[in-house]
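Visitor: I'll drop the sequence and a predicted model, then ask my questions.
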Number of protein chains: 2
Amino acid sequence: MKEEQLDKKIASFAPLAAGGISKGVKVFAPATVANLVCGFDVLGMALHRPQDLMSVRLRDEPGIVIQHTDGYQLPVEPEKNVAGAALLAMLEEVKEPPGFDITIDKRIKPGSGLGSSAASSAGVVVAANHLLGNIFSNEDLVRFAMNGEKVASGVKHADNIAPAIYGGITLIRSIFPLDIVQLSAPPLYVTVVHPQIEVRTSDARQILRKEVKLKDAIRQWGNIAGLVAGFMKNDYSLIGRSLEDVIIEPVRSMLIPGFDEVKKNSKEAGALGGGISGSGPSIFMLSREESTAQQVEYVMTEVYVKLGIDFKTYVTTISYDGVKVLEDNE
Amino acid sequence: MKEEQLDKKIASFAPLAAGGISKGVKVFAPATVANLVCGFDVLGMALHRPQDLMSVRLRDEPGIVIQHTDGYQLPVEPEKNVAGAALLAMLEEVKEPPGFDITIDKRIKPGSGLGSSAASSAGVVVAANHLLGNIFSNEDLVRFAMNGEKVASGVKHADNIAPAIYGGITLIRSIFPLDIVQLSAPPLYVTVVHPQIEVRTSDARQILRKEVKLKDAIRQWGNIAGLVAGFMKNDYSLIGRSLEDVIIEPVRSMLIPGFDEVKKNSKEAGALGGGISGSGPSIFMLSREESTAQQVEYVMTEVYVKLGIDFKTYVTTISYDGVKVLEDNE
């Protein structure tokens, strides 16, 4: 970022803070489904439910103070906290940055595969940008929030961050340089089941092979091309046929008890298709009708009741808002 | 194909032949660009130029008689001829098939990387289907024509056949089972240079590694997803950014003298991007404006004049017709 640009940014921020027009906001930060079966590391989708609730307020003195009102025992030191790391990256590009008080009510369980860390990172940068007078673009915000992902999983990925900030379905065509593409899609219902077992993103990454067969890669890029075309043509059947992953799912699904049965039964119940959400253990299924999505929730429930594994389900839709900002001037 | 369906087909064919409504057709069969840089084995595009001219006529007795009026010395025994093999596959699904006289005036040079064999296979099956009363679907025709590709290169691929039959830009999401998706695109000009050197499809296939790095595959499927989105959103800049191939091009381009210079100079001249057409040696470039496409032709010409390699160039557009049928009742 050039010095000249920074001057302009701090200039537009100063009167806002001084005039007390907006000293605090509440934001809702959405859960996200990364990968979307055949789009490993490049596709992602924002959901209406679940979502985190965050409060971000300007402080009178510098520094970042983080408080969690949930019970997840997440670190509160800014460098070690996902939201803190994202905000620190942002403030590096602001001259004489103000301080912030952040309160996080996390409702997306960490380690669920539903973009819990991305919600914190995306939520805080959208909120802080709002308080600074929206001086940064959405693409800048993704870049900052990726530092939160690095704290969470060791890798600067954007497939949860981008849909959380832009809303809807996003493609990360390239990460260096960052190239984010928004994709349209027909109305879709999303059923999610989160079996309460632990799969760490870093472990889920380590079990992947570094090399793949060319013929499998060809099948995979045929499928992602089909999925993108299906979304943009509103072709439900094509979406369903394209939701196939011959590279990641066969390996990662072994970490998720009940996966094969959930998938088979959901499709029999009418789901278009689906698979592992992010690196798991949550599983998502897309349906054309709400009644089908509810039926899918029922068959998911059956599987985990039978297995005796605790679980949580959601029937929801795609959120086209991304992080939602509400003024908070109390 | 079920017996019942065959009966229906032969029934709809018989009166046509007996009544002499149409005993012969001429068809124009288009050149095609397979792969489209990042869509190896799955994407293809039909061109207005060059195109083969074929005449297909019903014979009074059974059998397939093939004649070439071009000077390419291609085999004329039906089993060894690309068009013959495609037609034989089709006639296996027709009860009491009639005979055909086929005359081929090949204008797409064999081994150019412009889908010369696909033009013959696609042309003959579209023509014969017309004479039989259009009893087969386009998808059936692709399936038959793939037998011609097998004769030409040993592999039943459809990335040239599908655009030749459907027209426009096609995605082969899956080859077994066959799943063809038509993609829309904004107006595009295509510049092609065919350096007159020989690259056999089978050789071009053999030099590819059987395994690829996962990180390269991810980059490739980000690009194909971007290219499909770019076509469907009419986003020229996204099309240009997505025309990147990190897997096939680095290997195959070594077989094509002048490749790197053609690509670099074409992009400097304003081309959106491009790469190897099929397995080469032809190179294609996409441009938004006709004047740019002509400028690209000029820089391509410069490169091959300097290298002292014979070449041929075309400035053309996407053909949305595919194989074009003209009645021929002389």
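Guide: Cool, the structure landed. Quantities reported herein were computed from a predicted structural model and do not represent experimental measurements.
Visitor: can you pull out the strands in the stretch 201-330 of chain A?
Guide: Under the criterion DSSP state E, counting those that start in this stretch, the stretch 201-330 of chain A contains strands at A:211-213, A:273-276, A:283-287, A:311-317, A:324-327.
Visitor: most tightly packed of these?
Guide: The highest mean neighbour count among the strands of the stretch 201-330 of chain A, using mean count of other CB atoms under 10 Å in any protein chain shown, belongs to strand A:283-287: a mean of 28. Where C-beta positions appear, they are placed from N, C-alpha and C, glycine not excepted.
Visitor: what angle separates it from strand A:311-317?
Guide: Comparing the axes of strand A:283-287 and strand A:311-317 via axes from the mean of the first three to the mean of the last three CA atoms, to 10 degrees yields an angle of 30 degrees.
Visitor: who does strand A:283-287 pair up with?
Guide: Take DSSP bridges as the rule and strand A:283-287 pairs in its sheet with strand A:189-195 (antiparallel), strand A:273-276 (antiparallel).
Visitor: what's the angle between the longest strand anywhere in chain A and strand A:311-317?
Guide: Taking DSSP state E as the criterion, chain A has its longest strand at strand A:43-59. Orientation check (the same axes, to 10 degrees): strand A:43-59 against strand A:311-317 gives 100 degrees.
Visitor: got the buried residues for strand A:43-59?
Guide: Judged by neighbour count using 16 or more other CB atoms under 10 Å in any protein chain shown, the buried positions of strand A:43-59 are A:43-58.
Visitor: do the same with stretch A:205-214
Guide: A:212-214.
Visitor: chain B next: which of those are close?
Guide: Contacts with chain B within these, counted by CB under 8 Å from any CB of the partner chain: A:212-214.
Visitor: could the residues you listed be laid out in TSV, adding pLDDT?
Guide: As requested, those are arranged in TSV below (pLDDT from 0 to 100):
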residue	pLDDT
A:Val212	96
A:Lys213	97
A:Leu214	96
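Visitor: what is the nearest of those to A:Ser319?
Guide: Of all these, A:Ser319 sits closest to A:Val212, with 32.1 Å by CB to CB.
Visitor: residues in contact with A:Met146?
Guide: By CB atoms under 8 Å, 6 or more residues apart in numbering or on different chains, the contact set of A:Met146 is A:86, A:89, A:121, A:156-158, A:161.
Visitor: thinking again about what came up before, pick the one among the ones next to chain B among the buried residues of stretch A:205-214 closest to A:Ser242.
Guide: Top of the list for closeness to A:Ser242, among these and by CB to CB, is A:Val212 at 18.3 Å.
Visitor: OK, contacts around that closest one?
Guide: A:247, B:211-214, B:217.
Visitor: mind doing that once more with 7 Å?
Guide: Residues counted as contacts of A:Val212 (CB atoms under 7 Å, 6 or more residues apart in numbering or on different chains) are A:247, B:211-212, B:214, B:217.
Visitor: cool, A:Ala46 as well?
Guide: When contacts are counted by CB under 7 Å, 6+ apart, A:Ala46 touches A:30, A:32, A:163-164, A:167-168, A:318-319, A:322.
Visitor: how near is it to A:Ser287?
Guide: As judged by CB to CB, to the nearest Å, A:Ala46 and A:Ser287 stand 17 Å apart.
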